[in-house]
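Student: Using only what follows, build the 3D model:
(chains A and B)
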Amino acid sequence: MHTSRYIVKRIILAAVSLFAIITLTFFLMNLMPGDPFMSEKATEENRAILIAKYGLDQPVYVQYGKYLINLFQGDMGTSYVLQKGRAVKDIIFESFAVSMQLGLKALVVALICGIVLGCISGLCKDKLPDNIIRVFSSLGISMPGYVVASGLMIVLAVNLGILPVTYNKPGGEIMPIITLALYPTSYLTRLTRASILEVMNQDYLRTERAKGMSEFVVVFIHALKNSLIPVITYLGPLTASILTGGFVAESVFNVPGLGRYFVTSISSRDYTMIMGVTIFYSALIVVMNLVCDILYKVVDPRITLD
Amino acid sequence: MNTAKVKFPSLQNKIKPEDFTPLAEGYFDEENLDTEEIGYWKASWQRLKKNKIAMTALVLIVILILFAFIGPLLSPYTYDQQIRGDEALWPCLKHPFGTDRLGRDILVRCMVGSRISIIVGLVSAVIVMIVGSIYGAISGLVGGKTDIIMMRIVDIIYSVPEILLIVVIKMVISEPLDNLIQTVPAFHGLQKIGSGLIAIFIVYGLLYWVGMARIVRGQILQLKNLEFVTASEALGCSRSRLIREHLLPNCIGQLIATVMLQIPSAIFTEAFLSYLGIGVSAPMASLGSLTSEALNGIASYPYRVIFPAALISLIILSFNLFGDGLRDALDPKMKK
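Tutor: The predicted model follows:
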């Protein structure tokens, strides 16, 4: 299949997925029992007024159409509960700035550590460094985010007292970053190791050695280049993992980011917030997956698709 | 012999006296593993037995299952029993894991929590296996337009970030499920499991099977063109029989390997959800909810966090390691 045809197909698929997510989220939210004003200390009359004000009394398909039209204009409605009357879009952008700052740092840490550790592990196969790294990466993919967070908290903050428990003090970023980065780092380490082991056995490297190239050039220039290609495919899931990891990390360490907001909006039934965040995060992840898939194809023309 | 060697050096040099000595015992064992005499399952089991890490993990899994399912029966306390006068105890002989603020024994609560994690892992693996393999097999076998449409649906579900949707779907179906369980007598038995868990299973059934479906379809497409399939089709074998008797048994190894690695990922997700407070409902305990409850007092009562957190990691770790080993054993071609 031609690259350009593949790209077009992939973009259409991404758009359909996104549309499916929006539709599904909307109708699911509509099925939710109760309305956002249930906790309100208001008379039946006032509640009816509120419901009418936000258009919740109209038929579902009308609400859906309105929501779609508004969404395409970048309007996600207003928050009903948490920050009454504020535009969801503003809340998302404000708090996502915090999440993104943290997430990008975690992403860089995960990429660097994962690739370096994976290379060391793959190049020293079955020797001591490899064994140590493999133990830690197996542990890393087996610990849910909250386990990492609470472990760090007990050791670094409570027992040793070297790092602050809350986010806004100096050094407070370190623990959330480790929490977010540990799982992807371990996963990347395993991925890079497997990929290096596969590449090292290939004929073209033997040819290069036979031609008398130094081991350094063979390993670090020719082998590494090809073995890092599979890493690209993990960038999409990596983004997803860091975004959803944020729910836990931000709640535990009191980071005023979007992840923590999402968790609180769930418990307070803030429909528009939940929908807004779900759609926003899904869009980010779908776009990230799209970019990775296209990048994967462009970087390595040997790959045949479908 | 020496004279002969001189006469025809090129020929004779290759034959050494050692060549005529009998081979060491077990020389062919490695190769025999894949022949039909031993059989696929036995060969896989022999490969698995050699893998020390996987076997250790298997033993750990058995111990954890005993801990989770037999443990609560042996304990003098129940998971929701509040023992007066034993509130907020540190680990001691009477309560090896200590007690919580309400005087509940944490050991029993951890056992019950592990039970939930293991049940979630196993049940969701079964769901994923059934839904995914049926869907994938139909898509691969029928082919043509049906296949294209079915695979596009898979592509779409695949690109949906499942955690977000799980959160949303779970919130939506929890309450109606609760009502259903309470009103319809046939569902009363489910009360103990709780609507939260059932909701998780439903969501897994809706979303998690896509990877499985892709693998099965790929396998079926490979197998479909082999002679024995054509032969049985020519003999008038029905579609469903073809799937059941010829195609599925041939890709069962890879299916099991994939399913085994599905277990830790399902447990991981359940832990995440119950940590966020949308898993099991109180007073039922899950390892995730136990940790999140204890997090507030982490400075004074770290043990309340450490035990459930360590347990969940141990459970996921042993399933991960065993799954890796099983994959290598069942499908040596996939081994890197």
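Student: C-alpha from now on. contacts and neighbour counts both.
Tutor: Fine.
Student: Next up, the contacts around the residue positioned nearest the centre of chain A.
Tutor: Chain A has residue A:240 as the residue nearest its centroid, 2.3 Å off, counting by CA atoms, centre = their mean. Residue A:240 makes contact with A:285, B:161, according to CA atoms under 8 Å, 6 or more residues apart in numbering or on different chains.
Student: Secondary structure element holding residue A:21?
Tutor: helix A:3-31 (DSSP states H and E).
Student: as a whole number, average confidence for that helix?
Tutor: Mean pLDDT, helix A:3-31: 82.
Student: Give the helix, strand or coil label for the residue nearest to the centre of chain A.
Tutor: Under DSSP: H, G, I helix; E, B strand; the rest coil, residue A:240 falls in the helix class.
Student: for the helix holding residue A:21, which positions count as buried?
Tutor: A:6-7, A:10-11, A:13-15, A:17-19, A:21-23, A:25-26, A:28-30 (16 or more other CA atoms under 10 Å in any protein chain shown).
Student: What does the pLDDT read for residue B:331?
Tutor: Reported pLDDT for residue B:331: 68.
Student: Likewise for residue A:57?
Tutor: At residue A:57, pLDDT is 69.
Student: again, but for residue A:42
Tutor: Residue A:42 is given a pLDDT of 61.
Student: same deal with residue B:297?
Tutor: For residue B:297, pLDDT reads 71.
Student: go on, the one 4 residues further on?
Tutor: According to the model's per-residue confidence, residue B:301 sits at a pLDDT of 74.
Student: measure it to residue B:201 for me?
Tutor: Per CA to CA, to the nearest Å, residue B:301 is found 33 Å from residue B:201.
Student: Looking at those two, which is more packed in?
Tutor: residue B:201 (23 against 19; other CA atoms under 10 Å in any protein chain shown).
Student: list the helices and strands the helix holding residue A:21 packs on?
Tutor: If you count contacts as 3 or more CA pairs under 8 Å, 6 or more residues apart in numbering or on different chains; DSSP states H and E, helix A:3-31 packs onto helix A:271-299, helix B:144-159, helix B:162-183.
Student: ok, then the element right after that helix?
Tutor: Helix A:3-31 is succeeded, C-terminally, by helix A:44-53 (DSSP H and E).
Student: and that next one, how far from the chain's centre?
Tutor: 38 Å (CA atoms, centre = their mean, to the nearest Å).
Student: quick one: average pLDDT of whichever helix or strand comes after that helix?
Tutor: Next helix or strand after helix A:44-53 toward the C-terminus (DSSP H and E): helix A:60-72. Mean pLDDT, computed over helix A:60-72, is 79.
Student: So which other helices or strands are in contact with helix A:60-72?
Tutor: By 3+ CA pairs under 8 Å, 6+ apart, helix A:60-72 packs against no helix or strand.
Student: on that earlier part again, can you check what angle separates the helix holding residue A:21 from helix B:144-159?
Tutor: 70 degrees (axes from the mean of the first three to the mean of the last three CA atoms, to 10 degrees).
Student: Show me how far helix A:3-31 is from its chain's centre.
Tutor: Taking mean C-alpha positions (CA atoms, centre = their mean), helix A:3-31 and its chain are 18 Å apart.
Student: same check, this time on stretch B:246-262
Tutor: 12 Å.
Student: buried set for that stretch?
Tutor: For stretch B:246-262, by 16+ other CA under 10 Å, it's B:246-248, B:251, B:253-262.
Student: One more: stretch B:291-309?
Tutor: B:291-292, B:294-295, B:298, B:301-309.
Student: which of those lies closest to chain A?
Tutor: residue B:309 (5.3 Å; CA to the nearest CA).
Student: The closest one sits in which helix or strand?
Tutor: helix B:302-330.
Student: what's that helix packed up against?
Tutor: Using 3+ CA pairs under 8 Å, 6+ apart: helix B:302-330 touches helix A:128-140, helix A:145-152, helix B:40-50, helix B:52-69, helix B:106-142, helix B:248-275, helix B:287-294.
Student: Okay then, goodbye and thanks.
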